[in-house]
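Novice: would you be able to build a 3D model of this:
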Amino acid sequence: MELRSEIEFFKNRFLMFVLDQMAYEYEKNGSGDVIRMTLGKSELPLHDEITGAMKDALDSFEKSTLVFPQGLPELREALAAEYKKTYDLDINSNNIVINVGTSSLFRNLFYLLAKEGDEILLPHPYYSLYHFCAQLVGAKVRYYNINTDTLALDMNSFKENFTDRTKIVVINSPGNPLGNILTKEDLYGIDEIINGRAVVINDEIYANVCFDERSTSVLELKNTKSTFITTNAFSKGYRMYSRRVGYCIAPDELVTPLTVMQHHTLLTTDPVVQFGAIEALQHEEEVNILVELYRGRRNYTVESFEKVPLVRAIPAEGSFYLTLDCSKYMEEHNISTSLELAECIMRSKQVATVPGSDFGLPTMLRLSYSNKRYNEGIDRLVDFFTVESAVSTSSKFVTVRK
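Specialist: So this is what the prediction gives:
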């Protein structure tokens, strides 16, 4: 069978899932349990009342069979009220479109806003979803840089790579994988450069997971010249990872196209989990518990790696992740790819990490805080990187091909 797509799907595997599958098979084969630092899926259980709201909806034929392609009106209204409470913003609930997470929304937005030959400007490093969606529509990708030393936006690289062919600009704050936060000045600077010539999609899925100071939503900006679309979801701070409830806040002219696409390709997001999302908005204290826990894990990682000479822990300002710069270690031990390094760690220390090549960082690893044995995993990684014998430079490790 011949595929009509020019995308090289094997090269576009999300290595996060490759390593998570490798950990699963390692455990299944009886080789020991693995400390997984792969998925951005919190280890903390849902609040009982969130689970209770979903059970109640499931038990109610009326609630469990509701079909609204744009999303439950009750959830859209609850989200509008949440933005009023958090940011003092008046959001029209009709401008909110619900989907199963944000990934499908990105795919749909890219389809509506770009076509083959257009350019899409992404942050570097980037979340791999953005890059893949650009490939789906045949657009050319350009990048602006986030400095891995300072976590600051490189505005010069933004200016240099924004062109008259740019149709979409993606910003992500707090960012994945670095956990960087764009300042209000950054956001106004971006708007000034774009000057209404492209649409900005703001991925703020980690907006409620900030460790030192809160991030600015683009919706708070005043008198901007460009069109901004905001995406967010309940999978991170509210821990509804596999329940899949995401949304975007879009301008009037995009609401009907997005909804009609969902008429035909989605029909409806499960109303049961939408009722859970409505309840989740009543439990901000649950988010605060998570933030405190992950801030402590961030600090533990940075402090632990201060004694590791060849690896640098980049201190994230938010999100679920911390990035390790392993370039010096890889060079000294003749390791050519971050996938090879991740596989080596997996076999040596039974810790599953994510290769940085998923995000355009070929000499880095991403760690997810979301494991109850996280600190133990950090201790194992420190041991790996400080004991030279942990890596045999003559060994060749076979990539898991799934």
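
Novice: quick one: the helices in the protein, in order.
Specialist: For the chain, the helices defined by DSSP state H occupy 15-28, 48-59, 61-64, 73-87, 103-113, 128-137, 155-161, 184-194, 252-265, 271-280, 284-305, 327-332, 338-349, 374-386.

Novice: deepest-packed of these, please.
Specialist: With neighbours taken as mean count of other Cβ atoms under 10 Å, the helices of the chain reach their highest mean count in helix 271-280, at a mean of 24. Where you see a C-beta, it was placed from the backbone N, CA and C, and this is true even at glycine.

Novice: residues in contact with the residue nearest to residue 78 when sequence neighbours are not counted?
Specialist: Nearest in space to residue 78, with sequence neighbours left out and distances taken as Cβ to Cβ, 6 or more residues apart in numbering, is residue 278 at 4.9 Å. When contacts are counted by Cβ atoms under 8 Å, 6 or more residues apart in numbering, residue 278 touches 53, 72, 74, 75, 78.

Novice: same thing with residue 195?
Specialist: By Cβ under 8 Å, 6+ apart, residue 195 lies in contact with 225, 226.

Novice: repeat that for 6 Å
Specialist: Shown in contact with residue 195 (Cβ atoms under 6 Å, 6 or more residues apart in numbering): residue 225.

Novice: next one: residue 55
Specialist: Counted by Cβ under 6 Å, 6+ apart, residue 55 has zero contacts.

Novice: any weak-confidence spans in this structure?
Specialist: For the chain, the stretches with pLDDT under 70 are 388-402.

Novice: what's the closest non-adjacent residue to the residue nearest the centre of the chain?
Specialist: Closest residue to the average C-alpha location of the chain: residue 176 at 5.0 Å, with Cα atoms, centre = their mean. Excluding the flanking residues, the one nearest residue 176 by Cβ to Cβ, 6+ apart is residue 127, at 4.7 Å.

Novice: what number of residues lie near the one you found?
Specialist: The local packing of residue 127 (other Cβ atoms under 10 Å) involves 21 other residues.

Novice: now swap in residue 92 and tell me
Specialist: For residue 92, the neighbour count with other Cβ under 10 Å is 11.

Novice: okay, the contacts of residue 278 in JSON lines with distance to residue 301 next?
Specialist: JSON lines is the format used below for the contacts of residue 278 (distance: Cβ to Cβ, whole Å):
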{"residue": "53", "distance to residue 301": "35"}
{"residue": "72", "distance to residue 301": "39"}
{"residue": "74", "distance to residue 301": "40"}
{"residue": "75", "distance to residue 301": "36"}
{"residue": "78", "distance to residue 301": "35"}
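
Novice: tell me which of those residues is nearest to residue 285?
Specialist: Among those, residue 53 lies closest to residue 285 (Cβ to Cβ), at 16.2 Å.

Novice: who are the neighbours in contact with that closest one?
Specialist: Applying Cβ under 6 Å, 6+ apart, the residues near residue 53 are 275, 276, 279.

Novice: excluding chain neighbours, what is closest to the last one?
Specialist: So that's residue 279. Looking at residue 279 with Cβ to Cβ, 6+ apart, the closest residue is residue 53, at 3.7 Å.

Novice: ok, now the first one?
Specialist: The shortest distance from residue 275 to any residue that is not its chain neighbour, by Cβ to Cβ, 6+ apart, is 4.0 Å, and that residue is residue 57.

Novice: distance check, the one you found against residue 272.
Specialist: The gap separating residue 57 from residue 272 is 5 Å, by Cβ to Cβ, to the nearest Å.

Novice: chain center to stretch 12-24, what's the gap?
Specialist: When C-alpha coordinates are averaged (Cα atoms, centre = their mean, to the nearest Å), stretch 12-24 and its chain have centres 16 Å apart.

Novice: extract the C-alpha trace of that stretch and format it as CSV.
Specialist: Taking Å, rounded to 0.1, in the frame of the first residue of the first chain, the C-alpha atoms of stretch 12-24 are listed here in CSV:
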residue,chain,number,x,y,z
ASN,A,12,8.4,11.6,13.4
ARG,A,13,7.7,9.2,16.2
PHE,A,14,7.2,10.9,19.5
LEU,A,15,10.1,9.4,21.3
MET,A,16,8.4,10.2,24.6
PHE,A,17,6.1,7.3,23.8
VAL,A,18,8.9,5.1,22.5
LEU,A,19,10.7,5.4,25.9
ASP,A,20,7.4,5.0,27.8
GLN,A,21,6.7,1.8,25.8
MET,A,22,10.3,0.6,26.4
ALA,A,23,9.7,1.1,30.2
TYR,A,24,6.4,-0.9,29.9
